[in-house]
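J.: could you look at this predicted model? Sequence included:
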Amino acid sequence: MTGSPEPAPDAPGPAVVGRGRIGRWRDQAVALGWLVVVWNLLWGDINWANLVGGLLVGAAVLVFYPLPAVSFGGRLRPWALLVFAGRFAAELVSASLHVARIAVQPGYRPRGAIIAVRLRVPTDLNLALTAEAVSLVPGTLILEVDRDSGTLYLHVMDTHGPGDLDVARDRTLAVERRIIRAVGSTTELRHLDVTSPEKGTRP
């Protein structure tokens, strides 16, 4: 008499399925939260109408234009998240004042340049978060994202020489560093510390 067959050791049981479903819901909630944040930043004002509008627009985007499955394997670090928010706010104000000065300066024609910055943690989530954070700062615009190589192509406003391009590149890598320290995994943090950044290049 033969007994009932034992399940394979790696067969997904109910607990694994449940964790996968919870993980998917968590990823969707994180994506919705970031979409709401971006929506309010684009409007430049945080109020109940923009929060509700951001929730509706974000939900519609996730339903009708589903994003690729991006797993969030990191963890939130409140202090690093506050540091990121504070530095982002300071850069936002500084860049806005710089662009305003250019706009009102008579006869001044700023020169622009395009640079390529290869990120040190080329995950889909890090590419998206870094690209969004960089694009929201006036004077810098993401033109293209190379997913395979983890490279961001940026248009930088008001450049006077290679030194300004190096500053823009270092600023982008600093944004990536603060994002990884705020929400990255332990493995990504170690990779960030041991990987030497590559130089941004001009086409």
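T.: Noted; the coordinates are in hand.

J.: tell me which stretches of the chain form strands.
T.: In the chain, the strands defined using DSSP state E lie at 113-118, 140-146, 151-156.

J.: between these, which one is closest to residue 24.
T.: strand 140-146 (23.8 Å; Cβ to Cβ). (Each C-beta comes from the backbone N, C-alpha and C, glycine too.)

J.: helices or strands next to the closest one in the packing?
T.: helix 124-135, strand 151-156 (3 or more Cβ pairs under 8 Å, 6 or more residues apart in numbering; DSSP states H and E).

J.: quick check: which of the ones you listed is nearest to residue 114?
T.: strand 151-156 (5.4 Å).

J.: give the partner strands of the closest one in its sheet and their orientations.
T.: strand 113-118 (antiparallel), strand 140-146 (antiparallel) (DSSP bridges).

J.: buried ones in the longest one?
T.: Read it as strand 140-146. Buried residues in strand 140-146, defined by neighbour count with 16 or more other Cβ atoms under 10 Å: 140, 142, 145.

J.: equivalent analysis for stretch 43-50, please.
T.: residue 50.

J.: and for stretch 112-132?
T.: Those would be 113-121, 123, 125-127, 129-132, for stretch 112-132 by 16+ other Cβ under 10 Å.

J.: can you check stretch 172-189 too?
T.: Quick answer for stretch 172-189 (16+ other Cβ under 10 Å): 172-173, 175-184, 188-189.

J.: with adjacent residues omitted, what lies nearest to residue 38?
T.: Once flanking residues are discounted, residue 38 sits nearest to residue 132: 6.1 Å by Cβ to Cβ, 6 or more residues apart in numbering.

J.: residue 31 is in contact with that neighbour, correct?
T.: No - checked against Cβ atoms under 8 Å, the pair residue 132 and residue 31 is beyond contact range at 11.7 Å.

J.: circling back: now the helices and strands packed on strand 140-146 as a markdown table including mean pLDDT and distance to residue 26?
T.: Shown next, in a markdown table, are the helices and strands packed on strand 140-146 (pLDDT from 0 to 100; distance: least, Cβ to Cβ, whole Å):
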| stretch | mean pLDDT | distance to residue 26 |
| --- | --- | --- |
| helix 124-135 | 90 | 13 |
| strand 151-156 | 94 | 26 |
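
J.: adding distance to residue 38, write those out as CSV.
T.: Formatted as CSV, those follow (distance: least, Cβ to Cβ, whole Å):
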stretch, distance to residue 38
helix 124-135, 6
strand 151-156, 17
